[in-house]
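Asks: Below: sequence and its predicted model.
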Amino acid sequence: MYFENRGNRATKAGFGQGILEAGKLHPELMVLGADITASVGLDLFAREFPDRFFSLGIAEQNCAGVAAGLALSGKIPIFSTYCVFAALRSADQIRVSLCYNNLHVIIGGAHAGLSVGPDGATHQALEDIAIMRALPKMTVLSPCDATQATLLTKMAVKDCKGPVYIRFGREAVPDFIPENIETTVGKGQLIKDGKDISIIATGHMVWEALQAAKMLEMKGVKPRVINMHTIKPLDKEIIIHAARETKKIVTVEEHQAFGGFGSAVAEVVAQHCPVKMKIIGVQDTFGESGQPDELMEKYGLNAESIFKEAMLLMNDSQ
Amino acid sequence: MEVNKIQDVEELRKISSNIRRNILRSLAASGSGHTGGSLGLADVFTCLYFSVMNHNPQNPQWEDRDRLILSIGHVAPVLYSTLAQAGYFPEGELLTLRKLGSRLQGHPGRDHGLPGIELSAGSLGQGLSVATGMALAAKYDKKNHRIFCVMGDGELQEGSVWEAAMSASHYRLDNLCVIVDRNKLQIDGSTSDVMEIEPLADKWQSFGWKVIACNGNDHEELLSSFSENKKSSGRPVVIIANTLMGKGVKAIEDNYRWHGKAPSKEEAEQFIAALE
């Protein structure tokens, strides 16, 4: 059984909706903007709760520090800007003021990956997962669609304790995950069972993985597809089961193939149940301008590429 | 709820002297750490914790306490010695500074459980942003407590400081007071050689701050600066405290080589004997 696309929606819209809903439930929730408020989905909250929205200008390092001060005063701050600025420009503030102090702050990383498109390499974040997952205390979330972005944003506010990084994209992508599927931070979701090969994907690559699975089935291969919406803490159990039961693993992320999600999965596989793996991601290069679908094709991040890599791994008899 | 406030300058001087003694003892015991800046700030910390701030060592988490953010975490010895002096923890613990398992980390770390530590900090240029967030929250909650942030003069070379300065005046955070430890020295030498930060008062003023300058080693001047600060309305305040690095120990005063060096046990004995 495959999930239906209910219509394309940007994951950033899901994040914005999540903040708005969480804001209604949690009066201590405060939102910090860094100029690109609407572009990262904060405008819904800002309009509804103007007294709990603080504009801090194009000053991401200060944003992270102010968030720390608010958290130390009993607030739950959220700040959001493009991943490249949220995760990289303010990395030291996130490390020391947020993580070392173990403060419950939610960092929204917008415009993840190549699919930002025409803006080009400066704005295409391909390193943020690697950096954020290396930080002690940090939780790293990467919802597969807008519906899940809303849900995980609310969970980040309600269920998480320390700092949380949540990554989402700009483009409208298929919204497919059923709302009633069990979702828990730190638990992967088995969304299609199979015994021949496992495709473990994160973010909107999960939809592409499902499309690749259809192609594989036409070739008589029975793939398993796992949606890993939490990159840290990583669900080891679901990975170890996949390794034991399918013996082959493909990971997919819209991020560098080094140090990111695939590396995190490989750390588990190598230490608990070594099997053949293929890590699909960007190969140590910057992106460029282009339409999102053109870029995804060029950099090997669409269903067709996943299918080809999976077939290569299936036919790899060594 | 709060500690008794001391106005008698003689008594404050004695406290500063004792804080300096404990700074030297703890640094000698650890064998490493930052001596010059810690000694130079002893008078500022004495005034803050014994005369200016509302706080309660018996209830470090008291909601209405004034908060002190030490942005320059490397001068932790002056914070620790002051907190011990105020009764937050036993003086003897000062000798565990920088040792494995100690609550007295090289730079303050909240996770290690030392009472009175508001923020794990020490990467320069971050404290003012955090203090700004705290001041913003206090305003939002209509609380009357104040936020103090102790910064270094070399630290002002960090660009993030000015992001924070801009935001604090934008939100008219007159419950925020920065103390700049203006000893004119940093690790590589004098601030004017390493990277000129003057005209310093003009910089803060142009960012919308009320500026007060004083002798940061003179209790009387400090107390009057802090009381002037209370009158500020609508603007955050910066007190440029002109201090002497290593103040109190003539042999090392105003010498940048003592920025990041600890005295040996013998040196510490001599320095303590020679304390003013």
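Replies: In hand now; what should we look at?

Asks: State the mean pLDDT of stretch A:14-34.
Replies: What stretch A:14-34 shows for mean pLDDT is 97.

Asks: what do you get for stretch A:225-240?
Replies: 98.

Asks: now stretch A:93-112
Replies: Mean predicted confidence for stretch A:93-112 is 97.

Asks: Next, see if that stretch gets close to chain B.
Replies: Yes. Judged by C-beta under 8 Å from any C-beta of the partner chain, stretch A:93-112 and chain B are in contact via A:Q93, A:R95, A:V96, A:S97, A:Y100, A:N101, A:N102. Placement of C-beta: from N, CA and C, glycine included.

Asks: Export the residues you listed as JSON lines, with columns for distance to A:G188, secondary structure and neighbour count.
Replies: Shown next, in JSON lines, are these (distance: C-beta to C-beta, whole Å; DSSP: H, G, I helix; E, B strand; the rest coil; neighbours: other C-beta atoms under 10 Å in any protein chain shown):
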{"residue": "A:Q93", "distance to A:G188": "30", "secondary structure": "helix", "neighbour count": "25"}
{"residue": "A:R95", "distance to A:G188": "27", "secondary structure": "helix", "neighbour count": "21"}
{"residue": "A:V96", "distance to A:G188": "31", "secondary structure": "helix", "neighbour count": "22"}
{"residue": "A:S97", "distance to A:G188": "31", "secondary structure": "helix", "neighbour count": "31"}
{"residue": "A:Y100", "distance to A:G188": "28", "secondary structure": "helix", "neighbour count": "23"}
{"residue": "A:N101", "distance to A:G188": "29", "secondary structure": "coil", "neighbour count": "22"}
{"residue": "A:N102", "distance to A:G188": "25", "secondary structure": "coil", "neighbour count": "17"}
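
Asks: packing partners for the helix or strand hosting A:V31?
Replies: Using DSSP states H and E, A:V31 sits in strand A:29-33. Judged by 3 or more C-beta pairs under 8 Å, 6 or more residues apart in numbering or on different chains; DSSP states H and E, strand A:29-33 is in contact with helix A:11-25, helix A:43-48, strand A:53-55, helix A:60-72, strand A:76-82.

Asks: now the closest residue to chain B within the stretch 101-250 of chain A, nearest residue through space, not along the chain?
Replies: For the stretch 101-250 of chain A, the residue closest to chain B is A:N101, as judged by C-beta to the nearest C-beta, at 4.9 Å. Leaving out its chain neighbours, the residue that sits closest to A:N101 by C-beta to C-beta, 6 or more residues apart in numbering or on different chains is B:S120, at 4.9 Å.

Asks: Identify the residues contacting the one you found.
Replies: A:V96, A:S97, A:Y100, A:N101, B:G73, B:H107, B:P108, B:G109, B:R110, B:D111 (C-beta atoms under 8 Å, 6 or more residues apart in numbering or on different chains).

Asks: what sits against the third one?
Replies: In this case it means A:Y100. Shown in contact with A:Y100 (C-beta under 8 Å, 6+ apart): A:P136, A:K137, B:G109, B:D111, B:S120.

Asks: Between those, identify the one with the most neighbours.
Replies: The most crowded member of the contacts of A:Y100, judged by other C-beta atoms under 10 Å in any protein chain shown, is B:S120 (24 neighbours).

Asks: Need the winner for burial among the helices and strands packed on strand A:29-33.
Replies: Ranked by mean neighbour count, these are led by helix A:60-72 with a mean of 30 (mean count of other C-beta atoms under 10 Å in any protein chain shown).

Asks: That one near chain B anywhere?
Replies: Yes. Applying C-beta under 8 Å from any C-beta, one finds helix A:60-72 touching chain B at A:Q61, A:N62, A:A64, A:G65, A:V66, A:A67, A:A68, A:G69, A:L70, A:A71, A:L72.

Asks: Quick one: these as CSV, columns for distance to A:V40 too.
Replies: Shown next, in CSV, are the residues of helix A:60-72 next to chain B (distance: C-beta to C-beta, whole Å):
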residue, distance to A:V40
A:Q61, 17
A:N62, 17
A:A64, 15
A:G65, 19
A:V66, 17
A:A67, 15
A:A68, 20
A:G69, 21
A:L70, 18
A:A71, 20
A:L72, 24
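
Asks: Kindly report the residues of the stretch 101-250 of chain A close to chain B.
Replies: A:N101, A:N102.

Asks: how about the strands in the stretch 101-250 of chain A?
Replies: A:106-110, A:139-141, A:164-167, A:172-174, A:189-192, A:197-201, A:223-227, A:230-232, A:248-256 (DSSP state E, counting those that start in this stretch).

Asks: Check chain B too.
Replies: For chain B, applying DSSP state E gives strands covering B:67-70, B:147-152, B:176-182, B:185-186, B:189-190, B:210-215, B:237-242.

Asks: quick revisit: least confident pick among the contacts of A:Y100?
Replies: B:D111 (92).

Asks: circling back: for the residue of the stretch 101-250 of chain A closest to chain B, give its distance to A:G203.
Replies: Separation of A:N101 from A:G203 (C-beta to C-beta, to the nearest Å): 28 Å.

Asks: do the same with A:I19
Replies: Distance from A:I19 to A:G203, by C-beta to C-beta: 19 Å.

Asks: what residues are up against B:S206?
Replies: Contacts of B:S206 by C-beta under 8 Å, 6+ apart: none found.

Asks: tally of neighbours for A:L313?
Replies: If we define neighbours as other C-beta under 10 Å, then A:L313 has 18 of them.

Asks: Next: A:V116.
Replies: A:V116: 26 neighbours (other C-beta under 10 Å).

Asks: do you know how far it is from B:P77?
Replies: In this view, A:V116 and B:P77 are 48 Å apart by C-beta to C-beta.

Asks: And A:I58, by the same measure?
Replies: 37 Å.

Asks: More neighbours: those two, which one.
Replies: Taking neighbours as other C-beta under 10 Å, A:I58 and B:P77 compare with B:P77 leading, 31 against 13.

Asks: Might you list the low-confidence residue ranges for chain B?
Replies: B:1-3, B:232 (pLDDT under 70).

Asks: if you count residues, which helix in it comes out on top?
Replies: In chain B, assigned by DSSP state H, the helix with the most residues is helix B:9-30.

Asks: any chance of the strands of the stretch 101-250 of chain A in TSV, plus mean neighbour count?
Replies: Below are the strands of the stretch 101-250 of chain A laid out as TSV (neighbours: other C-beta atoms under 10 Å in any protein chain shown):
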stretch	mean neighbour count
strand A:106-110	29
strand A:139-141	27
strand A:164-167	29
strand A:172-174	21
strand A:189-192	20
strand A:197-201	29
strand A:223-227	26
strand A:230-232	23
strand A:248-256	28
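
Asks: B:E253 is nearest to which of the ones you listed?
Replies: B:E253 lies closest to strand A:106-110 among those, at 44.4 Å (C-beta to C-beta).

Asks: Residues contacting that closest one, please?
Replies: A:12, A:15, A:19, A:36, A:39-42, A:64, A:67, A:76-83, A:86-87, A:94, A:98, A:125, A:128, A:132, A:153, A:156-157, A:160, A:163-170.

Asks: Within the sheet, what are the partner strands of it, with directions?
Replies: Strand pairing for strand A:106-110, using DSSP bridges, gives strand A:76-82 (parallel), strand A:164-167 (parallel).

Asks: those helices in the stretch 1-150 of chain B, which residues are they?
Replies: Using DSSP state H, counting those that start in this stretch, the helices of the stretch 1-150 of chain B run over B:9-30, B:35-40, B:42-47, B:76-86, B:127-140.
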